[in-house]
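In: compute the structure for the input listed below.
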Amino acid sequence: MKLSIIIPAYNEEETIADVVQRVRAVDLGKIQKEIIIVDDASQDRTRQVLATLQHVITTSHPINKGKGAALSTGITMATGDIVIFQDADLEYTPEDYPTVIEPLIAKRCEAVLGSRFLHERPVFFGKRKSPYLSHYIGNTLIIWTTNTLYHQQFTDYEGCYKAFARSVLLDTPVRATGFEFDNELICKLLRKGIRIEEVPIRYRPRTYAQGKKITWRHGMTMLWTIVKWRFAHLESSRTVIAHQKAA
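Out: Just a heads-up that it's a prediction; the model follows:
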């Protein structure tokens, strides 16, 4: 069995090499790892750092297209039985891979959501308080909207770690090119009745000074995406691919 790890990267010269090192170090037993990095037209030295890394598959967008576009590119390149998404920073712990992919290996489901809130809830007081109260409020709204519209009870839709049977991804193309990519994908899977399981993952948020990119504006787009795909017609792979080429 092979696990394809897709890492979209934009201006991540400080962390991308460390992320790859930690991904390589994860013990998955007999499961082979395929690391795919998509540089989304970084303006720093990310591309030069990638050139020094061995045993990874890399490609670059000529212009910045967005995180979702980078994930779509990575999906088309993946050859693994299972695909997992990995951010290019150090907010998440690759050591959680065995937990995330176990439900897929056991064939209990076709998709897995990593939840930051099953492990621990953020606190907003004391020495360990989170600086992102507004993000937590936004996440709560996204969770409530998705669960209400799609009749679910999941606790987190915005955690980085999501894993899928590759066949499911190939059968569920996504139009979104930004941070709302995950929302469109999961909403479509829920519409199609794909079995999804949720597992706990660890999370250490970085600051905007350290390169954090997501803002409240992205959150508004996510909410619109969730509502849109509750009612929009589910298109075929051929239709979405034609749309993306035209764009």
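In: got the buried residues for stretch 57-66?
Out: The neighbour-count check on stretch 57-66 (16 or more other C-beta atoms under 10 Å) flags Ile57, Thr58, Ser60, His61, Asn64, Lys65, Gly66 as buried. Heads up, the C-betas are built off the backbone N, CA and C, glycines and all.
In: export these to a markdown table and tack on pLDDT and secondary structure?
Out: Formatted as a markdown table, the buried residues of stretch 57-66 follow (pLDDT from 0 to 100; DSSP: H, G, I helix; E, B strand; the rest coil):
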| residue | pLDDT | secondary structure |
| --- | --- | --- |
| Ile57 | 98 | strand |
| Thr58 | 97 | strand |
| Ser60 | 97 | strand |
| His61 | 98 | coil |
| Asn64 | 97 | coil |
| Lys65 | 97 | coil |
| Gly66 | 96 | coil |
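In: the helices in the chain, which residues?
Out: Assigned by DSSP state H, the chain shows helices spanning 16-25, 46-51, 67-77, 97-105, 116-119, 133-150, 166-170, 181-192, 216-231, 237-246.
In: tell me, which of these is the model least confident about?
Out: Looking at the helices of the chain, the lowest mean pLDDT belongs to helix 237-246 (a mean of 56).
In: which of the helices of the chain sits closest to Asp40?
Out: Across the helices of the chain, Asp40 has its closest neighbour in helix 67-77 (4.6 Å, C-beta to C-beta).
In: which residues touch that closest one?
Out: By C-beta atoms under 8 Å, 6 or more residues apart in numbering, the residues outside helix 67-77 that reach it are 4, 6-10, 36, 38-40, 57, 59, 61, 83, 85, 166, 169-170, 173-174, 176-182, 184, 244.
In: and the angle from it to helix 181-192?
Out: Inter-element angle recorded for helix 67-77 and helix 181-192: 60 degrees (by axes from the mean of the first three to the mean of the last three C-alpha atoms, to 10 degrees).
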